[in-house]
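Just need the structure, nothing else, for what follows:
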Amino acid sequence: MQIPSLAMLKKELSLLDEKELVATVLELAKYSRDNKAFLYFKLFEKENPRIFIESAIEEIDEAFMSANTRHYHVAKKSIQGIRRKLNKTLKLSKNKIAHIELIIHFCKEMKAYGYLEYRHPVIDNLYKIQVGKVEKLIAGLHEDLQYDYQQLLEEIS
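Numbers count the residues shown, from 1 in each chain. As a prediction, this is how the structure comes out:
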């Protein structure tokens, strides 16, 4: 089976009446937690744009608290798992400011929990890549916002 293009799906969805469309979206939300989270943020992010950032920060904090950092190998695996969660969360939003704030928070937590003290190349590279992502995102912002977030970037660098 060949998966149809987005244009074709859009055309077919436009032909559905409201009840069928709602049923289809709800059925899609049942298939995975990510779909449900995406739908939730799309529906409620308009009212409170900070809700996404706050809930994502809580999720990251919980992951850091439950991570095992006794040995560098286990710490490396833990931080890679947290980064995967972060990347999944970032896919839910197209807001660059939310991406910047979440990645900066991730980097601050990495420092706070002592991951960088292991001097493990994988952990160090992971940290550098995240800082590079923030730098790239900041470069695309308005000048006033660039200054504010540049200060936050200097705190983690």
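
just so I have it, where are all the helices in the chain?
Here the chain has its helices, by DSSP state H, at 6-15, 18-31, 33-44, 50-66, 72-91, 96-112, 121-139, 143-156.

Columns mean neighbour count and mean pLDDT on top of those helices, output as JSON lines?
The C-beta positions use only the backbone N, C-alpha and C, and glycine is treated the same way. As requested, those are arranged in JSON lines below (neighbours: other CB atoms under 10 Å; pLDDT from 0 to 100):
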{"stretch": "helix 6-15", "mean neighbour count": "10", "mean pLDDT": "91"}
{"stretch": "helix 18-31", "mean neighbour count": "11", "mean pLDDT": "92"}
{"stretch": "helix 33-44", "mean neighbour count": "14", "mean pLDDT": "84"}
{"stretch": "helix 50-66", "mean neighbour count": "15", "mean pLDDT": "91"}
{"stretch": "helix 72-91", "mean neighbour count": "16", "mean pLDDT": "92"}
{"stretch": "helix 96-112", "mean neighbour count": "19", "mean pLDDT": "94"}
{"stretch": "helix 121-139", "mean neighbour count": "15", "mean pLDDT": "95"}
{"stretch": "helix 143-156", "mean neighbour count": "13", "mean pLDDT": "88"}
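
Could you report the separation of residue 29 from residue 40?
Separation of residue 29 from residue 40 (CB to CB, to the nearest Å): 9 Å.

In contact with the residue nearest the centre of the chain, which residues are there?
In the chain, the residue lying closest to the centroid (CA atoms, centre = their mean) is residue 90, at 2.3 Å. Neighbouring residues of residue 90 by CB atoms under 8 Å, 6 or more residues apart in numbering: 98-99, 102-103.

Let's have the residues you listed in JSON lines, adding distance to residue 140.
Shown next, in JSON lines, are the contacts of residue 90 (distance: CB to CB, whole Å):
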{"residue": "98", "distance to residue 140": "14"}
{"residue": "99", "distance to residue 140": "10"}
{"residue": "102", "distance to residue 140": "16"}
{"residue": "103", "distance to residue 140": "14"}
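
out of the residues you listed, which one sits closest to residue 5?
residue 99 (27.3 Å; CB to CB).

who's in contact with that closest one?
90, 93, 133, 137.

Pick out the most distant pair among these.
Comparing all pairs in the contacts of residue 99 by CB to CB, the longest separation belongs to 93 and 133, at 14.3 Å.

That'll do, ta.
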